[in-house]
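Engineer: Structure, please.
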Amino acid sequence: MEKVRVRFAPSPTGPLHLGGVRTALYDYLFAKNKGGDFVLRIEDTDTARYVDGAEEYIMEALQWCGIIPDESPKHGGPYAPYRQSERRDIYDAYTGQILKTDYAYLAFDTPEELDAVRKEFEERGDVFAYNFATRQRLRNSESLPDEEVRSLLDAKTPYVVRFKMPFDRTMHLTDIIRGNFSVNTNTLDDKVLVKNDGMPTYHFANIIDDHEMKITHVIRGEEWLPSMALHVLLYEAMGWEAPQFAHLSLILKPEGKGKLSKRDGDKFGFPVFPLQFKDPETGNVSAGYREDGYLPDAFMNMVGMPPTIVRSFRWMK
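Structural biologist: Take a look at the predicted model:
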């Protein structure tokens, strides 16, 4: 029987929210219940939103909560490195691999060109999507002659790598918590897989890392449910077996719609972070449960599992 391996993969773009702690807890408990491994991976390719000290905060917060990784940037492991920014050579190799398939292509469109097309769609009341209906009129290796593509590459013209979404295909997907559902690929766009600086986007990097690190179950928030079809197709494109997916419900605002935010905590007078965090840019301090006098066990009890999630996880294969 394949050993269960799960990962918690936060981005160091700020302090770890209590919703992220809950996801890490579900990952950790599921892995330990199955005799498996819990991996902490830092997804730090979003350099524009990177926050100094956030990675250290994440590791300290998990330590305080008693969620100790089996493998991480701090603990090491057989599939290191565990920071995406240190895995560039790995991603470059797989970029070359997917470009040899019919699932990816080069796109040379400038932001100004895309903005002009987007505005054209908006003026007639439509929503622009880079997909099967528009890719032939845009500047990419699907629409341009081979010699023009070679000329653009020789001139070192900036480009991104996009996923070529299959035309009019109904995908039948299974989420362990939410059950079976279907998605038609015509409702999805051609997502960017590799940015023009050569770094992969979340979509591409995370499936590469999950494959390389032998992740068997991806347990994450429901905001990623709309991306599940793309991720399954990426596994297909690479010729890999996809892991099982479980998308967790979110911790919502006390009032109104959407996820719980720091502003909600400020408004209602409770922390939304496990530890106090001082913003390195503004100097603003966000309250933390540890500094407010809560014990780790009390905090973890608060973010613990609802029975419906427990029942779902019990039958995970």
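
Engineer: What pLDDT does the model give the residue nearest to residue 209 when sequence neighbours are not counted?
Structural biologist: Spatial nearest neighbour of residue 209, excluding adjacent residues (CB to CB, 6 or more residues apart in numbering): residue 41 at 6.2 Å. Placement of C-beta: from N, CA and C, glycine included. With respect to pLDDT, residue 41 has a value of 98.

Engineer: what's residue 41 in contact with, if anything?
Structural biologist: Residues near residue 41 by CB atoms under 8 Å, 6 or more residues apart in numbering: 7, 8, 9, 72, 82, 83, 84, 209, 213.

Engineer: Quick one: residues contacting the nearest residue to the fifth one once chain neighbours are set aside.
Structural biologist: Counting by CB to CB, 6+ apart, the nearest residue to residue 82 once its immediate chain neighbours are dropped is residue 73, at 4.6 Å. The contact partners of residue 73, taken as CB under 8 Å, 6+ apart, are 40, 42, 55, 59, 80, 81, 82, 83.

Engineer: with these in mind, which one is nearest to residue 218?
Structural biologist: The nearest member of the contacts of residue 73 to residue 218, counting by CB to CB, is residue 40 at 14.4 Å.

Engineer: Verify the stated contact: that closest one with residue 80.
Structural biologist: No - with contact defined as CB atoms under 8 Å, residue 40 does not reach residue 80; the gap is 11.7 Å.

Engineer: The two: which has the busier surroundings?
Structural biologist: The neighbour comparison of residue 40 against residue 80 (other CB atoms under 10 Å) goes to residue 40, with 25 against 14.

Engineer: What residues are bridge-paired with that one?
Structural biologist: Beta bridges link residue 40 to residue 8 when assigned by DSSP bridges.

Engineer: Residue 210 versus that one, what's the distance?
Structural biologist: Going from residue 40 to residue 210 by CB to CB, to the nearest Å gives 14 Å.

Engineer: what sits in contact with each of these two?
Structural biologist: Overlap of the contact sets of residue 40 and residue 210 (by CB under 8 Å, 6+ apart) consists of residue 7.

Engineer: joint contacts of residue 40 and residue 80?
Structural biologist: Taking CB under 8 Å, 6+ apart as the contact rule, residue 40 and residue 80 both touch 71, 73.

Engineer: tell me which element the closest residue to residue 53 other than its chain neighbours is part of?
Structural biologist: Excluding the flanking residues, the one nearest residue 53 by CB to CB, 6+ apart is residue 280, at 5.8 Å. Under the criterion DSSP states H and E, no helix or strand holds residue 280.

Engineer: got it, and residue 94?
Structural biologist: Using DSSP H and E, residue 94 sits in helix 88-98.

Engineer: now swap in residue 250 and tell me
Structural biologist: Per DSSP H and E, there is no helix or strand for residue 250.

Engineer: residues near it, how many?
Structural biologist: For residue 250, using other CB under 10 Å, the count is 15.

Engineer: for it, what are its contacts?
Structural biologist: Residues in contact with residue 250 (CB under 8 Å, 6+ apart) are 19, 221, 222, 223, 259, 260.

Engineer: Can you flag the buried ones in those residues?
Structural biologist: With burial judged by 16 or more other CB atoms under 10 Å, the buried subset of those is 19, 221, 260.

Engineer: what about the strands in this protein?
Structural biologist: Secondary structure of the chain by DSSP state E: the strands cover 5-8, 37-40, 104-107, 160-163, 170-175, 179-184, 192-194, 217-221, 244-248, 277-278, 285-286.

Engineer: Return the most buried member of those.
Structural biologist: strand 5-8 (a mean of 26; mean count of other CB atoms under 10 Å).

Engineer: Residues touching that strand, excluding its own?
Structural biologist: Contacts for strand 5-8 (CB under 8 Å, 6+ apart): 20, 23-24, 27-28, 30-31, 36-41, 69, 209-210, 213-219.

Engineer: For that strand, the averaged confidence score.
Structural biologist: 98.

Engineer: Use 30 as the first number for this chain going forward.
Structural biologist: Sounds good: first residue 30 from here, last item strand 34-37.

Engineer: Any idea what residue 208 is bridged to?
Structural biologist: Under the criterion used (DSSP bridges), residue 208 bridges to residue 204.

Engineer: Need the pLDDT of it.
Structural biologist: 96.

Engineer: Ok, the one 3 residues further on next?
Structural biologist: Listed pLDDT for residue 211 reads 98.

Engineer: Provide a list of residues in contact with it.
Structural biologist: For residue 211, the contact set (CB under 8 Å, 6+ apart) comprises 199, 200, 201, 202.

Engineer: Thanks a lot, catch you later.
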